[in-house]
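Trainee: Sharing a sequence plus its predicted fold:
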Amino acid sequence: MKGEFIMDIAGVNDYELEKYITAIMLDIGVPAHLKGYHYLRDAILLSGRDMEVVSSVTKLLYPAIAKRFKTTDQKVERAIRNAIEVSWNRGNAETFKKMFGYSVLSGKSRPTNSEYIARIADKVRLDFKAM
């Protein structure tokens, strides 16, 4: 089943995926001026291509992003956490409710970095599979 999803978006170029992911992130309310915005977009893109990286964000995902942006794993993790926190508190609660099943209005705490990345990556994969 994993290979089936990868094949569906394998034919889609990175630019199209980035455009689609960017639209989702802006709808959720991730501010584009934050470093975490760019790290998050890459994390979702990498996870959409291979969901296995979400199961090991600290060993696979953060180091890959840190290498690309010439920074540290810890800075990547912190910037992503900050971007998620900002979008959770200031973003579109209705969109969060649709995507995650809950929002800041329900009183629950924000999703974890890996939950946030995995949910959006899964949405992207499913949306491209439906096309």
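Mentor: Yes, it's here.
Trainee: Quick check: which ranges of this structure have low pLDDT?
Mentor: By pLDDT under 70, the low-scoring segments of the chain are 1-11, 130-131.
Trainee: Would you state the strands of it in chain order?
Mentor: With DSSP state E as the definition, the chain shows no strands.
Trainee: which residue sits closest to Thr58, ignoring its sequence neighbours?
Mentor: In this structure, Thr58 finds its nearest non-sequential neighbour in Asp73, 6.9 Å apart by Cβ to Cβ, 6 or more residues apart in numbering. Using the backbone N, CA and C atoms, a C-beta is placed for each residue, glycine as well.
Trainee: Report how many residues lie close to the closest residue to Phe69 other than its chain neighbours.
Mentor: Nearest residue to Phe69, sequence neighbours excluded (Cβ to Cβ, 6+ apart): Tyr39, at 6.9 Å. Tyr39 has 25 neighbours, counted by other Cβ atoms under 10 Å.
Trainee: What of Val124?
Mentor: Applying other Cβ under 10 Å, we find 21 residues neighbouring Val124.
Trainee: That one against Glu16, yeah?
Mentor: No. Val124 lies out of contact with Glu16 (Cβ atoms under 8 Å); the separation is 10.6 Å.
Trainee: Enumerate every residue touching Gly36.
Mentor: Applying Cβ atoms under 8 Å, 6 or more residues apart in numbering, one finds that Gly36 lies in contact with 30, 78-84.
Trainee: Redo these as JSON lines? Include distance to Leu46 and neighbour count.
Mentor: JSON lines is the format used below for the contacts of Gly36 (distance: Cβ to Cβ, whole Å; neighbours: other Cβ atoms under 10 Å):
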{"residue": "Val30", "distance to Leu46": "17", "neighbour count": "24"}
{"residue": "Arg78", "distance to Leu46": "18", "neighbour count": "15"}
{"residue": "Ala79", "distance to Leu46": "16", "neighbour count": "20"}
{"residue": "Ile80", "distance to Leu46": "12", "neighbour count": "28"}
{"residue": "Arg81", "distance to Leu46": "17", "neighbour count": "16"}
{"residue": "Asn82", "distance to Leu46": "19", "neighbour count": "17"}
{"residue": "Ala83", "distance to Leu46": "16", "neighbour count": "25"}
{"residue": "Ile84", "distance to Leu46": "16", "neighbour count": "22"}
